[in-house]
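Student: Sequence first, then the predicted structure:
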Amino acid sequence: MTTPLTRLRNSPAPPRPARSFPSPRRGGRPDGAGRSVWNACAVVVPAAVIAVLSALHSWAGDDALIYTRTVRQILAGNGPVLNTGERVESSTGTLWQWAVAAGGLLTGADPVLVAVVLGAVCTTAGFLWALDGARRFHGGAGHGGAGLGATGYGGSGHGRLLLPAGVLVLLPVRAMWDYGTSGLETGLTFGWLGLSWWLLVRAYDDGSPRVHRVGAVVFGLGPLVRPDLTPVSVVFLFSLWLIVRPGRRTVVGWWAGAAALPCCYEVFRAGFYGVLVPLPGITKEASTSLWGRGWAYLLNFTGPYRLWVPLLLVVCLTVVAVGDRLRTVPGRVAPRVPVVVAAPVLSGLLCALYVTRVGGDFMHGRMLLPPLFLLLLPVFLVPLSRLTGALVAAVGVWAGCCALLWFPPQSGGDGATVIDEHAGYVRATGEAHPVRQSAHSGRRLPFARETAKALASGRRSLVVELRYDRRFVTLPLTSRIPERLVGAEARLGHSGAVIPLDDRAIDTLGLAHPLGAHLRRTSFTKAGHDKPVDRAWIVADFTDPGVRLPPGIDARRVAAARRALTCGPLAELRAATRDPLTPGRFWHNLTGSWRRTAFRFPADPLDAERELCGRG
């Protein structure tokens, strides 16, 4: 006979209530919540490290001051010009120039300090986006995240355990510390590259059409970040198409969104400045080849840090990580994996090839940091395994040696082909962190003392540097222009910092000289120093005929320069930058911009006079 007591004894035990907290470890591995915390730290900690290292190396050099003089002109209501009487685009990074101007307008702070702080913020944001993109790509999204791990492609919904890998290659490189916050557009470059990678991964991760549209617009900004980043924009846009495979109408919309802002600005540039590219691109002859100098620049960067060691390890990590990714995603997703990896790698190789082809730069490592950043993006983080753990450990050993033992090459002085500009400006200004305009405009440098004397004299003066920091001449200024002071020296940023905005700073290296940029190249040893402007051109342009010339300035060459400035395309080039900007002048500039961009003339005034004016 079955009694209630018997039924109670034979009934199954009620199920235990589910735990309201996760078990700390399962099978010797962190549980889902632990993995999420670990992966979040893998994203945040390296970005925090680069922020701290950049802050400890904060500075601004001469090239940053070229940007900030234009920014000060914008804030003063004079437009995007270096000097009020001349329309010259001296800023290579268009977006950076306007971003610093916006920061100065909102804060009222010194534009140099704004550029330094904004550069650090952009660099840190770029690392955060890059790291989070790698986390999503490798299935390391945390609980409730949007990455592939959260959707089940990579295993548990809590994501996979990831290790910092490629990011370890960048963190100990001292050039990275310098150009994370140098006041230049390099910080914005890192920010844009990191965001572009993150958006590409979002598109791979079954992103919404809105993500695709935003990605196309962001990818299209490359030419405005730096003109040489245009190939990155093209590769990323093509990769987006390969990942999503949309209809023709959608593709047209993407390309229209990507090209809208760059094309509109290009029309403005051609009509306002009269040429198709920023003036430094003409000065540096960005379409020509100097492979030997570029190869020396590449070795100057890779050699001191032994970068070939971690790059070989990164190749192995990439192969392992991509193979692992292909095994852990559904078949319908697998074809996208090589596309996502190839986009930054191919872009990085193209950028490095271009920098090498055009002859590199004179600042140690600066132009090769973005290509290196791109090459490392797919393996900024990698999934933990025995093999990847061993490879990451080897990268970590190299990173320790790089941070403690291997330093940038010592600069050979101002005449060196490649220099450590950070160290140079710390010495020149006498400040460990020269992040304000006052640090660069004090009377520590000879040109500042000469211009101060000229202003104190009350006379309208032309101050010309004949020898670098050693010899200056002061001449009476022509009555044809309204300025009271014109100063010409090789450091345009320093010159622009000490010369008031309503006076004129002249670049003797041609980077922001509307005529000097169009000289035929006469030097091939140091990037950005290929077209030194004969002082006869400056004297002829800013003094009256019959002025008494001091020793060191040839009267015959000045006379030849005076005549050449009135002849043919050279006279038209002057008019394009100095005539009042009427609608007619804008249209004439726009329609003649291609011809004007290609125009070159001899650097020697005597040769220029014969070529442009004839022998009469």
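Tutor: Arrived safely, thanks for sending.
Student: burial count for the nearest residue in space to S593 that is not next to it in sequence?
Tutor: Excluding the flanking residues, the one nearest S593 by CB to CB, 6 or more residues apart in numbering is A270, at 3.8 Å. (C-beta placed from N, C-alpha, C; glycine too.) If you count neighbours by other CB atoms under 10 Å, A270 ends up with 21.
Student: Looks like A270 contacts H588 (just checking).
Tutor: No. A270 lies out of contact with H588 (CB atoms under 8 Å); the separation is 10.7 Å.
Student: Which stretches in the stretch 151-300 of the chain count as strands?
Tutor: Secondary structure of the stretch 151-300 of the chain (DSSP state E, counting those that start in this stretch): strands at 162-164.
Student: Could you do the stretch 451-600 of the chain as well?
Tutor: With DSSP E, counting those that start in this stretch as the criterion, the stretch 451-600 of the chain has strands spanning 461-467, 471-476, 485-489, 504-507.
Student: domains for this protein, by residue range?
Tutor: 31-60+91-404, 437-613 (automatic domain parsing).
Student: about what we covered before: distance check, the residue nearest to S593 against W587.
Tutor: Here the criterion is CB to CB, to the nearest Å. By it, A270 lies 10 Å from W587.
Student: Also G614?
Tutor: Relative to W587, and taking CB to CB, G614 is found at 30 Å.
Student: again, but for D205
Tutor: 47 Å.
Student: what do you get for A40?
Tutor: The gap separating A40 from W587 is 56 Å, by CB to CB.
Student: For those two, indicate the residue with more neighbours.
Tutor: Comparing A40 with W587 by other CB under 10 Å, the one with more neighbours is A40, at 16 against 11.
Student: hmm, who's touching the helix or strand containing V319?
Tutor: Assigned by DSSP states H and E, V319 falls within helix 308-327. By CB atoms under 8 Å, 6 or more residues apart in numbering, the residues outside helix 308-327 that reach it are 137-139, 165-166, 168-169, 302, 334, 337-338, 341, 345, 375-376, 378-379, 382-383, 385, 387-388, 391-392, 394-395, 398-399.
Student: looking at the domains of the chain, which is buried most?
Tutor: domain 31-60+91-404 (a mean of 21; mean count of other CB atoms under 10 Å).
Student: from the chain's centre, how far out does that one sit?
Tutor: 11 Å (CA atoms, centre = their mean, to the nearest Å).
Student: Any regions of this protein where pLDDT drops low?
Tutor: 1-32, 140-159, 411-416, 443, 469, 615-616 (pLDDT under 70).
Student: Kindly recompute the last result at 80.
Tutor: For the chain, the stretches with pLDDT under 80 are 1-33, 140-159, 206-207, 328-333, 410-416, 442-444, 468-470, 615-616.
Student: what about the helices in the stretch 251-400 of the chain?
Tutor: Assigned by DSSP state H, counting those that start in this stretch, the stretch 251-400 of the chain shows helices spanning 279-283, 291-305, 308-327, 336-357, 369-376, 386-404.
Student: wait, doesn't V232 sit right on L221?
Tutor: No. V232 sits out of contact with L221 when judged by CB under 8 Å, with a separation of 10.1 Å.
Student: hang on, isn't P434 packed against Y425?
Tutor: Yes. Checked against CB under 8 Å, the pair P434 and Y425 is within contact range at 5.7 Å.
Student: so what sits against both of the two?
Tutor: W59, A60, H440.
Student: Narrow those residues to those in strands?
Tutor: Nothing among the shared contacts of P434 and Y425 maps onto strands, per DSSP state E.
Student: Specify which member of those residues is nearest to L261.
Tutor: Set against L261, the nearest of these by CB to CB is A60 (27.3 Å).
Student: Leaving out sequence neighbours, find the closest residue to the closest one.
Tutor: The nearest residue in space to A60 (CB to CB, 6+ apart) is G183, at 3.5 Å.
Student: and that neighbour, what does it touch?
Tutor: By CB under 8 Å, 6+ apart, the neighbours of G183 are 59-61, 63-65, 67-68, 112, 115-116, 119, 435.
Student: Narrow those to those in helices?
Tutor: D63, A64, L65, Y67, T68, V112, A115, V116, G119 (DSSP state H).
Student: my guess is the fourth one contacts W98, does it?
Tutor: What it means is Y67. No. Using CB under 8 Å, Y67 makes no contact with W98, being 10.4 Å away.
Student: Between the two ends of stretch 205-213, how far is it?
Tutor: Chord length of stretch 205-213, first to last residue, is 15 Å (CA to CA, to the nearest Å).
Student: For E89, give its distance to G222.
Tutor: Using CB to CB, E89 is found at 18 Å from G222.
Student: try L200
Tutor: In terms of CB to CB, L200 sits 13 Å off from G222.
Student: Need the overlap of contacts for these two.
Tutor: By the contact definition CB under 8 Å, 6+ apart, L200 and G222 are jointly contacted by F236.
Student: just to revisit the earlier point, ok, the ones in helices among the contacts of G183 vs E489, which is closest?
Tutor: L65 (12.5 Å).
Student: Thanks a lot, catch you later.
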